[in-house]
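Asker: missing the sequence, but the structure's below:
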């Protein structure tokens, strides 16, 4: 009898190959796909197709938790329980804390269904059938991975070599002989031709008791750090904020390498649904219809005498003339032009920007926060100006700055502003001065967005110069 399933979405990583659309604070699972959907939305839809399962857990970073909740709310999905990682420690630590949370909530007699937030799988009903098969195999004490039937010799995926069938015919299960890293093209062709190799999807069904036992055997340092971070965590509503110092001691290692490649209890279930890891612009563009010359585009784009060129437009018109095999991606603050066969190497641009400390790797021009958005308008020595939007019913944290003063001009909406112990109603045209060191916040009291222009002056104008005292989003 299959155990109850606890769906777990791993929602980390930067999606660096989809730069400049994907950034650290607004990564791939949340960006709009060509049809207006999102990958995190598809993950919630897959879980809904499973039917009777336990509440979902999402392992994510603090900057992404509000994006997860917003995506769930948009789809009418119950707000998931969140495990907030203070730093990225790879997937082994993420799975370990999910197992500890599930054990604390339900005991050992449940299984985790590990999903990632950046896959596109169709149809959802077939996924649900395969997940049920995996759960039947897991109920026999196995750690089960989903092997995807390959349709081409992909070199960007890892592979599984299937072993003997498992005596549970309806579940279509196999043992796993070995895990293979991303192979060269000729080897990948041999794998596909053999019919005995499957793409390694990064999805699993894992009995909690068996899983934690294998962590003790094969990755004790990861489990020890995860347990220390979990035991010292702050629990705020449905969110578990893991202890930063303890979690930082977890080895940065993948779950495959830490557990699956070492355990003697691994099995796989063959999956024949459509599965795409939207890991590069080539996969993104493949979702779009192409014209007779192989061109595809989104936005205000016209292409003339061009072939096999993908363009993602922004606010301005983009035209191409006499070009071929290009990928062009235009955002408000960055433009990518690359040969299409170099799609995997876009990550190198992202990594270069990170090394130099550029915000072009970490933030889009419009930065999303739990309470709304802000956009830097201009900045220079000693000043910075922003356009800030606070959503209805939302509030920034009660905070102070040690190195800057602020001047606000309200341009839309109705708000209440707190400066130390003074509360003042504000509306369009009002001005507010926030002295250096004063505690302050603004609340949206109306049904429309509150918009104000903020001008900062001071010696240090970074987001790090925020001391929070109260915050409805758990950041204080």
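Answerer: Nice, thanks for sending it over. No experiment lies behind these values; they were computed from the predicted model shown. Numbering: from 1, shown residues only.

Asker: all contacts plus neighbour counts: C-alpha atoms, from now on.
Answerer: Will do.

Asker: who's in contact with the nearest residue to residue 399 once chain neighbours are set aside?
Answerer: Excluding its sequence neighbours, the residue lying closest to residue 399 (Cα to Cα, 6 or more residues apart in numbering) is residue 468, at 4.4 Å. Residues in contact with residue 468 (Cα atoms under 8 Å, 6 or more residues apart in numbering) are 397-400, 475-476.

Asker: make it 10 Å
Answerer: With contact taken as Cα atoms under 10 Å, 6 or more residues apart in numbering, residue 468 is in contact with 396-401, 439-440, 475-476.

Asker: Dump the residues you listed to a markdown table, plus distance to residue 347.
Answerer: As requested, those are arranged in a markdown table below (distance: Cα to Cα, whole Å):
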| residue | distance to residue 347 |
| --- | --- |
| 396 | 34 |
| 397 | 35 |
| 398 | 38 |
| 399 | 36 |
| 400 | 37 |
| 401 | 35 |
| 439 | 41 |
| 440 | 40 |
| 475 | 30 |
| 476 | 34 |
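
Asker: Among those, name the buried ones.
Answerer: Applying 16 or more other Cα atoms under 10 Å to the contacts of residue 468, the neighbour count classes 396-401, 439-440 as buried.

Asker: export the residues you listed to TSV and tack on pLDDT, secondary structure and distance to residue 344?
Answerer: Output for the buried ones among the contacts of residue 468, formatted as TSV (pLDDT from 0 to 100; DSSP: H, G, I helix; E, B strand; the rest coil; distance: Cα to Cα, whole Å):
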residue	pLDDT	secondary structure	distance to residue 344
396	96	coil	39
397	94	coil	40
398	96	strand	43
399	96	strand	42
400	96	strand	43
401	96	coil	42
439	96	coil	47
440	97	strand	45
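
Asker: Going by distance to residue 334, which of these wins?
Answerer: Set against residue 334, the nearest of those by Cα to Cα is residue 396 (28.5 Å).

Asker: Show me which positions of stretch 204-213 end up buried.
Answerer: Neighbour-count burial for stretch 204-213 [16+ other Cα under 10 Å]: 204-212.

Asker: just how off-centre is it within its chain?
Answerer: Between the centre of stretch 204-213 and the centre of its chain there are 23 Å (Cα atoms, centre = their mean, to the nearest Å).

Asker: What are the buried residues along the longest helix anywhere in the chain?
Answerer: If you go by DSSP state H, the chain has its longest helix at helix 90-106. Residues of helix 90-106 classed as buried by neighbour count (16+ other Cα under 10 Å): 90-103.

Asker: between the residues you listed, which is nearest residue 18?
Answerer: If you rank the buried residues of helix 90-106 by distance to residue 18 using Cα to Cα, residue 90 comes first, at 19.4 Å.

Asker: Quick one: residues contacting the closest one.
Answerer: Contacts of residue 90 were listed using Cα under 10 Å, 6+ apart, and they are 10, 12-13, 250-255.

Asker: Please list only the buried members of those.
Answerer: Neighbour counting with 16+ other Cα under 10 Å marks 10, 12-13, 250-251, 253-255 as buried within those.

Asker: Among these, which lie within strands?
Answerer: Per DSSP state E, strands hold the following members of these: residue 10.

Asker: Quick one: the buried ones among the contacts of residue 90 as CSV, columns for pLDDT and distance to residue 74 too.
Answerer: Listed next are those as CSV, based on pLDDT from 0 to 100; distance: Cα to Cα, whole Å:
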residue, pLDDT, distance to residue 74
10, 95, 19
12, 80, 20
13, 75, 22
250, 96, 34
251, 95, 35
253, 94, 33
254, 93, 31
255, 94, 31
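
Asker: Just the closest of the buried ones among the contacts of residue 90 to residue 161, please.
Answerer: Nearest to residue 161 among those, with distances taken as Cα to Cα, is residue 255, at 17.7 Å.

Asker: wait, what's in contact with the closest one?
Answerer: Contacts of residue 255 (Cα under 10 Å, 6+ apart): 90-96, 202, 215, 219, 261.

Asker: Need the residues you listed in a markdown table (columns: distance to residue 138).
Answerer: Shown next, in a markdown table, are these (distance: Cα to Cα, whole Å):
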| residue | distance to residue 138 |
| --- | --- |
| 90 | 24 |
| 91 | 20 |
| 92 | 19 |
| 93 | 21 |
| 94 | 20 |
| 95 | 16 |
| 96 | 17 |
| 202 | 16 |
| 215 | 16 |
| 219 | 20 |
| 261 | 17 |
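
Asker: Switch the residues you listed over to JSON lines; also include pLDDT.
Answerer: Converted to JSON lines, the contacts of residue 255 look like this (pLDDT from 0 to 100):
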{"residue": "90", "pLDDT": "92"}
{"residue": "91", "pLDDT": "94"}
{"residue": "92", "pLDDT": "96"}
{"residue": "93", "pLDDT": "96"}
{"residue": "94", "pLDDT": "96"}
{"residue": "95", "pLDDT": "97"}
{"residue": "96", "pLDDT": "97"}
{"residue": "202", "pLDDT": "90"}
{"residue": "215", "pLDDT": "97"}
{"residue": "219", "pLDDT": "96"}
{"residue": "261", "pLDDT": "92"}
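
Asker: Let me know the closest of those residues to residue 19.
Answerer: residue 90 (20.2 Å).

Asker: Could you measure from that closest one over to residue 135?
Answerer: 25 Å (Cα to Cα, to the nearest Å).

Asker: just residue 351 next, same as before
Answerer: Per Cα to Cα, residue 351 is found 39 Å from residue 135.

Asker: which one of those two has more residues nearby?
Answerer: Neighbours were counted for residue 351 and for residue 135 using other Cα atoms under 10 Å; residue 135 has more, 28 against 14.

Asker: Which strands or helices does the helix or strand where the more buried one lies pack on?
Answerer: Residue 135 belongs to helix 124-138 when assigned by DSSP states H and E. Helices and strands touching helix 124-138, by 3 or more Cα pairs under 10 Å, 6 or more residues apart in numbering; DSSP states H and E, are strand 5-11, helix 39-49, strand 111-116, strand 143-148, strand 173-180, strand 197-207, strand 266-271, strand 274-277.

Asker: TSV for these, including distance to residue 84?
Answerer: Below are these laid out as TSV (distance: least, Cα to Cα, whole Å):
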stretch	distance to residue 84
strand 5-11	10
helix 39-49	16
strand 111-116	16
strand 143-148	25
strand 173-180	30
strand 197-207	20
strand 266-271	28
strand 274-277	24
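
Asker: what residues are up against the residue sitting furthest away from the middle of the chain?
Answerer: Most distant from the centre of the chain: residue 422, at 39.5 Å, with distances by Cα atoms, centre = their mean. Counting by Cα under 10 Å, 6+ apart, residue 422 touches residue 440.

Asker: what pairs with it across the strands?
Answerer: As for beta bridges, residue 422 partners with residue 419 under DSSP bridges.

Asker: What is the nearest of the buried ones among the contacts of residue 468 to residue 355?
Answerer: residue 401 (27.6 Å).

Asker: how near is residue 103 to residue 387?
Answerer: From residue 103 across to residue 387, the span is 45 Å (Cα to Cα).

Asker: Sorry, slip of the keys, the one I care about is residue 354.
Answerer: 25 Å.

Asker: One more: residue 157?
Answerer: Taking Cα to Cα, one finds residue 157 at 42 Å from residue 387.

Asker: For the stretch 151-300 of the chain, just list every one of the helices.
Answerer: In the stretch 151-300 of the chain, the helices defined using DSSP state H, counting those that start in this stretch lie at 185-194, 208-218, 220-231, 244-247, 255, 281-285.
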